[in-house]
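**Q** need the 3D shape of this:
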Amino acid sequence: MGLPILLDCDPGADDALALYFALAHPDLELRAVTTTYGRVPLAQATRNALLLCALAGRADLAVCGGVPTPTRKVMGLHDPQSHGSDGLGDLPFTVGEVHGADERSAARCIVEQAHADPGRLALVCAGPLGNVAQALRLEPRLPQLLGHLVVAGGSIAAPGEVSPVAELNFWLDPHAADQVLTAGFRLTLLGLDVSRPSAVPLALVEELAQRHPHPALAALAHAVRVQANARAAQEGGEPACASGGLLGLLHLVQPGLFQTVTGRVRVVTEGLAEGQSIMDRCEQLAYAQPGWESELPRIDAALGVDTAAALAPIRSVLASDWLPPRPV
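**A** Alright, predicted model coming up:
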């Protein structure tokens with residue numbers, strides 16, 4: 001059996017990539033998918049997760065809907081221009097029958113799975129962190145029960161994407177992000193410092209879809225194509241898809257690809273720098289500003305990644321024989 005994991009996400013082409021990588025990797029055992037609002041509203045995120053699972057022949061996998069809104073701030077609006085009205089580039093793929101969502105909430109699922117496999121379960125979060133914050137309210141001992149929490153969000157040194165300093169997931173729910181980062185989890189943060197230089201080339205995904213004809217990979221290629229081309233039009237460069245959640249999963253199996261530092265990290269919850277993640281680089285100082293006390297838990301944050309070495313297992317895992325032999 002592989003490492004038991006949960007994937008908390010808001011699919012999205014980038015999270016579709018992460019989901020299929022989790023299903024395909026032989027060393028990972030995906031126990032459930034939990035969904036959150038993010039690039040799309042919660043109901044759409046849950047529908048997307050169910051559809052992607054069904055296309056991959058995994059209608060048995062539990063999909064649990066989570067929080068529909070941020071902890072405190074007003075929710076941002078979905079942008080259909082960059083990701084399509086459904087977040088998957090207006091996906092033209094359907095299946096005969098899509099299973100329904102699990103009756104458990106995302107937070108309840110996280111808590112139950114952590115109790116079922118204490119100290120071993122890994123949770124990878126590829127969206128805003130409201131589900132983890134809610135799970136903490138249900139089970140305050142969650143940081144001790146969970147083996148590893150990997151968060152695809154924030155930025156330590158790289159520029160932001162929704163403001164000069166803020167990454168999208170943390171900006172969407174900065175209160176939840178700050179709560180989770182200071183709760184005492186064994187936590188690794190993979191922000192824009194690693195995800196921006198390691199975007200997955202559209203050409204890689206299209207090559208996979210052409211070599212391995214299957215509805216799941218065709219749907220993935222379509223969604224990635226829309227997001228990658230929108231990104232290239234806005235930022236320049238070759239079309240490529242964001243890779244935050246994907247890198248979070250890769251870190252679980254090949255942590256040596258990443259260069260990390262350890263420190264205390266807080267998230268700004270309001271004002272011009274809302275959503276900014278800040279690492280204390282001078283812990284020996286006794287700050288006049290409260291909120292940086294010595295007992296604040298430390299986390300690991302990735303500042304670099306071997307991009308070429310990271311893309312190689314992504315390609316090989318998704319090209320492996322993991323899909324059902326016949327169309328769904």
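**Q** need the strands for the protein, in chain order.
**A** Along the chain, the segments classed as strands by DSSP state E run 3-9, 28-35, 62-65, 122-125, 148-152, 187-190, 200-201, 240-241, 258-263, 265-267, 277-279, 299-305.
**Q** mean pLDDT added to these, as a markdown table?
**A** Shown next, in a markdown table, are the strands of the chain (pLDDT from 0 to 100):
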| stretch | mean pLDDT |
| --- | --- |
| strand 3-9 | 98 |
| strand 28-35 | 98 |
| strand 62-65 | 98 |
| strand 122-125 | 98 |
| strand 148-152 | 98 |
| strand 187-190 | 98 |
| strand 200-201 | 97 |
| strand 240-241 | 94 |
| strand 258-263 | 97 |
| strand 265-267 | 98 |
| strand 277-279 | 98 |
| strand 299-305 | 97 |
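**Q** could I get those as TSV with mean neighbour count and distance to Ala106?
**A** In short, each C-beta sits where N, CA and C put it, glycine included. Written out in TSV, the entries for the strands of the chain read as follows (neighbours: other CB atoms under 10 Å; distance: least, CB to CB, whole Å):
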stretch	mean neighbour count	distance to Ala106
strand 3-9	26	7
strand 28-35	24	4
strand 62-65	24	5
strand 122-125	27	11
strand 148-152	27	14
strand 187-190	26	18
strand 200-201	20	26
strand 240-241	24	24
strand 258-263	16	27
strand 265-267	23	20
strand 277-279	21	23
strand 299-305	21	22
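**Q** of all these, which lies closest to Gln179?
**A** Put simply, out of the strands of the chain the one that sits nearest Gln179 is strand 265-267, at 8.7 Å, with distance taken as CB to CB.
**Q** was I right about Asn131 contacting Thr69?
**A** No. Using CB atoms under 8 Å, Asn131 is not in contact with Thr69, being 11.9 Å away.
**Q** ok, those two, which is more surrounded?
**A** Set side by side, Asn131 and Thr69 show more neighbours around Asn131, with 31 against 16, by other CB atoms under 10 Å.
**Q** distance check, that one against Val151.
**A** Taking CB to CB, to the nearest Å as the criterion, Asn131 is separated from Val151 by 12 Å.
**Q** any low-confidence regions in this protein?
**A** Applying pLDDT under 70 to the chain flags the ranges 76-82, 96-97, 326-328.
**Q** look through it and tell me its longest helix.
**A** Secondary structure assigned by DSSP state H gives helix 215-235 as the longest helix of the chain.
**Q** please enumerate the helices of this structure.
**A** 13-24, 42-55, 80-83, 106-116, 130-138, 142-145, 168-172, 174-181, 192-195, 202-211, 215-235, 244-253, 307-318.
**Q** format those as JSON lines; extra columns: distance to Arg281.
**A** Supplementary listing: those in JSON lines, determined by distance: least, CB to CB, whole Å:
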{"stretch": "helix 13-24", "distance to Arg281": "29"}
{"stretch": "helix 42-55", "distance to Arg281": "35"}
{"stretch": "helix 80-83", "distance to Arg281": "34"}
{"stretch": "helix 106-116", "distance to Arg281": "32"}
{"stretch": "helix 130-138", "distance to Arg281": "26"}
{"stretch": "helix 142-145", "distance to Arg281": "24"}
{"stretch": "helix 168-172", "distance to Arg281": "19"}
{"stretch": "helix 174-181", "distance to Arg281": "16"}
{"stretch": "helix 192-195", "distance to Arg281": "14"}
{"stretch": "helix 202-211", "distance to Arg281": "36"}
{"stretch": "helix 215-235", "distance to Arg281": "28"}
{"stretch": "helix 244-253", "distance to Arg281": "22"}
{"stretch": "helix 307-318", "distance to Arg281": "25"}
